[in-house]
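Visitor: got a predicted structure plus its sequence, pasted below:
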Amino acid sequence: MTPEQKVRRVQAGVEMANSFGITAVIEPGVDGNVMAPIASLADAGSLSLRVAASLSPIAWHAGSFDEGVIDFLDTRDQWRLPDEARS
């Protein structure tokens, strides 16, 4: 699936959630592949949900702890919002 297709699918899910009056979601244990389309919509001003996401380096390998965890920790700041953007 291309990044654009992922963004369109997330947007469709957001629209469905909004149609039921849902304005906030919690996404526990996601990785960058899940965060990228959400962040893309947020950056474009098209995300009409408040998303509380918990990034996890082991989202795809529960119970593992290897070099992938270290790589994840080195790149996790790309998903953090500046303090003034949090509300």
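Guide: Received, thanks. Everything numeric in this text was worked out from a predicted model, so none of it was measured.

Visitor: helix, strand, or coil at the one residue sitting closest to the centre of the chain?
Guide: Nearest residue to the geometric centre of the chain (C-alpha atoms, centre = their mean): residue 35, 2.5 Å. Look at residue 35: counting by DSSP: H, G, I helix; E, B strand; the rest coil, its state is helix.

Visitor: can you check residue 28 too?
Guide: strand.

Visitor: could you report the distance from residue 76 to residue 39?
Guide: Remark: distance between residue 76 and residue 39 (C-beta to C-beta, to the nearest Å) = 13 Å. Just so you know, the C-beta spots here come from the backbone N, C-alpha and C atoms, and that holds for glycine as well.

Visitor: those two: which has the busier surroundings?
Guide: A side-by-side neighbour count of residue 76 and residue 39, using other C-beta atoms under 10 Å, places residue 39 first with 18 against 14.

Visitor: nearest residue to the more buried one other than its sequence neighbours?
Guide: residue 79 (6.7 Å; C-beta to C-beta, 6 or more residues apart in numbering).

Visitor: residues near the one you found, how many?
Guide: Neighbour tally, residue 79, other C-beta under 10 Å: 15.

Visitor: tell me who's in contact with it.
Guide: 32, 35, 39, 53, 55 (C-beta atoms under 8 Å, 6 or more residues apart in numbering).

Visitor: and the pLDDT at it?
Guide: Note for residue 79: predicted pLDDT of 72.

Visitor: circling back to that earlier point, was I right to think the residue nearest to the centre of the chain contacts residue 54?
Guide: No - counting by C-beta atoms under 8 Å, residue 35 stays clear of residue 54, with 10.4 Å between them.
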